[in-house]
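A.B. asks: model this:
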Amino acid sequence: MLSGNLKNIRKRLGFTQAQLAEKLNIKRSLIGAYEEGRAEPKLSTLVSMARLFGISLDSLITQDHSQPLPNAIPQPEKSTDGKLRVLAITVDKEQNENIELVPQRASAGYLNGYADPEFIEDLPKFRLPMLAGTGTYRAFEISGDSMLPLVSGTVIVGRFVEDWSHIKDGTPCILVSKREGVVFKRLYNKVHSSALMMLHSDNPVYPPYELPVTDILEIWEAKAYISNSFPMADLSLSKLSSIVLDLQHEVMKLKKAI
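C.D. replies: Coordinates of the predicted model:
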């Protein structure tokens, strides 16, 4: 049972034997021996495996993991502070990743359950073919008017960000933090120092504010949104002036090319 579970879970998580051995700080040959049933891991190694896989020690040893079901599967990722943690996801019967939806009413519970496979499994799920195979996604129903024209109730679909320092300034993201909970803001991480993140709202009524990166639990880069409210076109004088200037610039380029 253990040898088969170890092999099946390792492959499901996308680890080679060498990668798993490195994470467990043991020799690669030991992983092969464990998977072939030629050796038994020490208790300390079993505990490390269970923690890495995001399952209980009892489940690793006694439950059959040879038939993956559409349940939550832990995915090892690095958190924004660079520490290895388990990112819980769900998959369908064909082992395609779902997009889990975090409704407004579940936002508070998400702070405690974001790494809990059972909590993630209970969330509503859907798939967007256009995003398939390009990362791990989660959807969040936002509240408030700080990111107008996107109104309260809009669902933001975000892709998980492993390293927040690579985010381009001004990128709209869902940010999950100990202090702020789940918020949708534009992030700036190069304004003051590597220890702080600057959060900006699109609604100018709300001033920007700083957040220590040590408070950050997850960052999901916004890639799509779902809403039953269509944003109004921006036909302000400044916007029209910008359009006219762009047209004039293009006309000048055409004249020079003739």
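A.B. asks: tally of neighbours for the nearest residue to Ala18 once chain neighbours are set aside?
C.D. replies: Distance criterion C-beta to C-beta, 6 or more residues apart in numbering; nearest residue to Ala18, sequence neighbours excluded, is Arg28 at 4.7 Å. The C-beta positions use only the backbone N, C-alpha and C, and glycine is treated the same way. By other C-beta atoms under 10 Å, 14 other residues sit near Arg28.
A.B. asks: quick one: the helices in the stretch 51-200 of the chain, in order.
C.D. replies: 57-62, 107-113, 117-121 (DSSP state H, counting those that start in this stretch).
A.B. asks: and the strands in this structure?
C.D. replies: 72-78, 84-90, 99-102, 125-126, 137-141, 155-160, 171-177, 181-188, 196-200, 209-212, 216-226 (DSSP state E).
A.B. asks: which of those strands sits closest to Gly32?
C.D. replies: strand 72-78 (20.0 Å; C-beta to C-beta).
A.B. asks: what's the average pLDDT for that closest one?
C.D. replies: Average pLDDT, strand 72-78: 59.
A.B. asks: and among the helices of the stretch 51-200 of the chain, the most buried is which?
C.D. replies: Burial of these is given as mean neighbour count (mean count of other C-beta atoms under 10 Å); helix 117-121 ranks first at a mean of 17.
A.B. asks: just put the strands of the chain in TSV and tack on distance to Arg10.
C.D. replies: Formatted as TSV, those follow (distance: least, C-beta to C-beta, whole Å):
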stretch	distance to Arg10
strand 72-78	11
strand 84-90	14
strand 99-102	24
strand 125-126	25
strand 137-141	24
strand 155-160	21
strand 171-177	28
strand 181-188	32
strand 196-200	34
strand 209-212	36
strand 216-226	25
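A.B. asks: put together JSON lines for those, with mean neighbour count and distance to Asp58 on each row.
C.D. replies: Shown next, in JSON lines, are the strands of the chain (neighbours: other C-beta atoms under 10 Å; distance: least, C-beta to C-beta, whole Å):
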{"stretch": "strand 72-78", "mean neighbour count": "19", "distance to Asp58": "16"}
{"stretch": "strand 84-90", "mean neighbour count": "19", "distance to Asp58": "17"}
{"stretch": "strand 99-102", "mean neighbour count": "22", "distance to Asp58": "26"}
{"stretch": "strand 125-126", "mean neighbour count": "16", "distance to Asp58": "27"}
{"stretch": "strand 137-141", "mean neighbour count": "23", "distance to Asp58": "28"}
{"stretch": "strand 155-160", "mean neighbour count": "21", "distance to Asp58": "29"}
{"stretch": "strand 171-177", "mean neighbour count": "22", "distance to Asp58": "29"}
{"stretch": "strand 181-188", "mean neighbour count": "21", "distance to Asp58": "32"}
{"stretch": "strand 196-200", "mean neighbour count": "20", "distance to Asp58": "39"}
{"stretch": "strand 209-212", "mean neighbour count": "14", "distance to Asp58": "37"}
{"stretch": "strand 216-226", "mean neighbour count": "20", "distance to Asp58": "27"}
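A.B. asks: which one is the residue nearest the centre of the chain nearest to, not counting chain neighbours?
C.D. replies: Nearest to the mean C-alpha position of the chain, counting by C-alpha atoms, centre = their mean, stands Phe160 at 2.2 Å. Distance criterion C-beta to C-beta, 6+ apart; nearest residue to Phe160, sequence neighbours excluded, is Thr136 at 4.4 Å.
A.B. asks: what about the residue nearest to Ala18, distance to Leu254?
C.D. replies: 63 Å (C-beta to C-beta, to the nearest Å).
A.B. asks: select the helix or strand of this structure having the lowest average pLDDT value.
C.D. replies: strand 72-78 (a mean of 59; mean pLDDT, DSSP states H and E).
A.B. asks: re earlier: just the pLDDT for the residue nearest to Phe160.
C.D. replies: pLDDT at Thr136 comes out at 88.
A.B. asks: surely it is in contact with Arg159?
C.D. replies: Yes - here Thr136 reaches Arg159: they are 6.9 Å apart, a contact under C-beta atoms under 8 Å.
A.B. asks: can I assume Ile156 is in contact with Tyr225?
C.D. replies: Yes - between Ile156 and Tyr225 there is a contact at 5.2 Å, judged by C-beta under 8 Å.
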